[in-house]
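*Asks:* all I have is the shape, not the residue letters:
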């Protein structure tokens, strides 16, 4: 079976990646300028937080995409979908971790992904508060601050209880349905976990701070850059709970990181449902 | 009842604080120079990690204290107790969060406390990897990077399930005894928790990133600076599980932060035992 992404030449993928990195620069500038001038925090209909920085950053991004790639689609957390059904689909979460951002905690991130026919072509996760940007593109490798990333599989004994995994806090398993059984099953086997509530857990998985991480019933934009980042570094990415990137679900669950851990964690998650 | 710390003049407390801040500078330099030249990670008898950076940083600190305050006691994580029973007792954890430090994660911290007759007189928590240093001294206020810290009590509805608390991961509740009932009871009421495994949770509680935090059965040096930092900022600090700072237990459990939350969390913890 051929991968449709092979139809995009490496040169074109490099061009698109350069565009994504330039877009990430602009998003970072927009967010920083709004932080300097002061931002307003409010609650959305689902009780999650949004700030004027989220909205303005996404608006800047969409303007750039619509100018440079008017034929492509854009899906964003704050401002909906444009050109639905286009082969190329930019996906943005302008500030992932708005609750952390609103408390001046630095591990929020700007997520930018470009998918082609439902498959991830490239991704950028920028943590300007931490000074870390990671990126990857199909066939071109994964990098953080210019350094090539490699996720090794687990050696003997490394997929056991000592492994350090990232997962949402229990609050992340109580909506949209009560899935605390999944949380309990995972932490029972992997008690040495860390909670993040932002894509910083994804970056840490790609850069070696965590052995694996998972997200539970989260919107597509939260995972828009993660699969390509992890896979290009040599790790595994797996959707669980009948999630499917090519479908049109509202929420997606996934586990990613060192391959043996991903396999074991996905079994634990599926069994707990 | 008079507080023995009132016998130490404010001028003397300021001098001691200046000394502690100078010691923290030296500890940060020692750690940084060992990071630059490369450090070795090994396992201690209790299976926790230690690096050459931990040992060298503590050695530098003890040398300074013994030169400048030869009559005072020193208790450190890596090198034991000196002048046991002295009225003044310096306490250091040179690198709190060695496991994070060994993975190049920036939220480890150097903890320095000075206790007088068993009560905390001053404390410094330095996160050089994050560029944040907090400090406090009895009667002189609490500060982070020069800014005065204030912990407000909870307003209406702020001590409920939405509160953001910090606690160790489940692994921190499995030793020395299995206390997972405490973990479960706390996260059941406060599902929006974050895990840190380092004193960064203490700094975040003092600086507003967390509403409250707790430690479970941890050595005294992990809490050496926390009580004075929290109390001088206007928050509450409470030992639970029969811990007592003036005693000679091996492990201490405590909860600290916004007063109404500390009260409720300490009840939950005691009830779960």
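*Replies:* It's in. Quantities reported herein were computed from a predicted structural model and do not represent experimental measurements. Residues are numbered from 1 along each chain as shown, chains lettered A, B, ... in the order given.

*Asks:* ok, residue A:84 - contacts?
*Replies:* Residue A:84 makes contacts with residue A:73, as judged by C-beta atoms under 8 Å, 6 or more residues apart in numbering or on different chains. No exception for glycine: its C-beta is placed from N, CA and C like everyone else's.

*Asks:* hang on, it in a strand?
*Replies:* No. Counting by DSSP: H, G, I helix; E, B strand; the rest coil, residue A:84 is not found in a strand; it is coil.

*Asks:* okay, it and residue A:150: tell me how far apart.
*Replies:* Distance, residue A:84 to residue A:150, by C-beta to C-beta, to the nearest Å: 36 Å.

*Asks:* repeat for residue A:3
*Replies:* Using C-beta to C-beta, one gets 22 Å for the distance from residue A:3 to residue A:150.

*Asks:* which one's more surrounded, these two?
*Replies:* residue A:150 (14 against 11; other C-beta atoms under 10 Å in any protein chain shown).

*Asks:* that one contacts residue A:258, doesn't it?
*Replies:* No. No contact is recorded between residue A:150 and residue A:258 when judged using C-beta atoms under 8 Å, the distance being 10.9 Å.

*Asks:* flag every residue of the stretch 1-150 of chain A that's near chain B.
*Replies:* Contact residues, the stretch 1-150 of chain A versus chain B (C-beta under 8 Å from any C-beta of the partner chain): A:99, A:103, A:104, A:105, A:106, A:130.

*Asks:* of those, which pair is most distant in space?
*Replies:* Pairwise distances among these were taken by C-beta to C-beta; the largest, 16.4 Å, belongs to A:99 and A:130.

*Asks:* show the backbone phi and psi for the spatially most central residue of chain A.
*Replies:* What sits nearest the mean C-alpha location of chain A, by C-alpha atoms, centre = their mean, is residue A:223, with 3.4 Å. According to degrees, to the nearest 10, the main-chain angles of residue A:223 amount to phi -110, psi 10.

*Asks:* same question, the one 3 residues further on
*Replies:* Listed backbone geometry of residue A:226 is phi -70, psi -40, with angles given as degrees, to the nearest 10.

*Asks:* what about it, neighbour count?
*Replies:* Applying the criterion other C-beta under 10 Å, we find 27 residues in the vicinity of residue A:226.

*Asks:* and what of the one 5 residues further on?
*Replies:* Here the neighbour count serves as a burial measure; for residue A:231 (other C-beta under 10 Å) it reads 17.

*Asks:* the one 5 residues further on now?
*Replies:* Taking other C-beta under 10 Å as the neighbour definition, residue A:236 ends up with a count of 21.

*Asks:* what sits opposite it in the beta ladder?
*Replies:* For residue A:236, the beta-bridge partners under DSSP bridges are residue A:257.

*Asks:* who's in contact with it?
*Replies:* When contacts are counted by C-beta under 8 Å, 6+ apart, residue A:236 is found next to A:230, A:256, A:257, A:258, A:259, A:262, A:263.

*Asks:* buried ones among those residues?
*Replies:* Buried by 16 or more other C-beta atoms under 10 Å in any protein chain shown: A:230, A:256, A:257, A:258, A:259, A:262, out of the contacts of residue A:236.

*Asks:* what about the helices in the stretch 51-200 of chain A?
*Replies:* A:52-68, A:98-102, A:180-189, A:200-207 (DSSP state H, counting those that start in this stretch).

*Asks:* hey, which of these is tucked in deepest?
*Replies:* Between these, the one whose residues have the most neighbours on average, counting mean count of other C-beta atoms under 10 Å in any protein chain shown, is helix A:200-207 (a mean of 28).

*Asks:* now for that one, which elements pack on it?
*Replies:* Using 3 or more C-beta pairs under 8 Å, 6 or more residues apart in numbering or on different chains; DSSP states H and E as the contact criterion, the secondary-structure elements in contact with helix A:200-207 are strand A:119-127, strand A:132-137, strand A:141-144, strand A:165-167, strand A:212-218, helix A:226-232, strand A:252-257.

*Asks:* so which of these is nearest residue B:53?
*Replies:* Proximity of those to residue B:53 was assessed by C-beta to C-beta; the nearest stretch is strand A:132-137, lying at 22.0 Å.

*Asks:* how much space between residue A:99 and residue B:68?
*Replies:* 44 Å.

*Asks:* thinking again about what came up before, which among the contacts of residue A:236 gets closest to residue A:19?
*Replies:* residue A:230 (21.9 Å).

*Asks:* how much space between the closest one and chain B?
*Replies:* Remark: distance between residue A:230 and chain B (C-beta to the nearest C-beta, to the nearest Å) = 18 Å.

*Asks:* just residue A:61 next, same as before
*Replies:* Using C-beta to the nearest C-beta, which is the criterion applied here, residue A:61 is 27 Å from chain B.

*Asks:* kindly report the same for residue A:27.
*Replies:* Between residue A:27 and chain B the distance, using C-beta to the nearest C-beta, works out to 23 Å.

*Asks:* now do residue A:95
*Replies:* Applying C-beta to the nearest C-beta to residue A:95 and chain B gives a distance of 16 Å.

*Asks:* so that residue touches residue A:54, yeah?
*Replies:* Yes. Taking C-beta under 8 Å as the definition, residue A:95 is a contact partner of residue A:54 at 4.7 Å.

*Asks:* near chain B, which residues of the stretch 151-273 of chain A?
*Replies:* Of all the residues in the stretch 151-273 of chain A, those in contact range of chain B (C-beta under 8 Å from any C-beta) are A:161, A:164, A:169-171, A:174, A:187-188, A:191-197, A:204, A:208-209.

*Asks:* how close does residue A:25 sit to chain B?
*Replies:* In this structure, residue A:25 and chain B are separated by 23 Å, where distance is defined by C-beta to the nearest C-beta.

*Asks:* give the buried residues for the strand or helix carrying that residue.
*Replies:* For residue A:25, the element it lies in under DSSP states H and E is helix A:10-37. Buried residues in helix A:10-37, counting neighbours by 16+ other C-beta under 10 Å, are found at A:13, A:16-17, A:19-21, A:23-24, A:27-28, A:30-31, A:34.

*Asks:* so which of the helices of the stretch 51-200 of chain A gets nearest residue A:111?
*Replies:* Nearest to residue A:111, of all the helices of the stretch 51-200 of chain A, is helix A:200-207, at 8.4 Å by C-beta to C-beta.

*Asks:* list the contacts of the closest one.
*Replies:* Outside helix A:200-207, the residues touching it (C-beta under 8 Å, 6+ apart) are A:97, A:107-109, A:125, A:127, A:130, A:132, A:134, A:142, A:144, A:149, A:151, A:166-167, A:194, A:196, A:209-213, A:225-226, A:229-230, A:233, A:235, A:256-257, B:105.

*Asks:* buried stuff in stretch A:213-227?
*Replies:* If you call a residue buried by 16+ other C-beta under 10 Å, then stretch A:213-227 has these buried ones: A:213-227.
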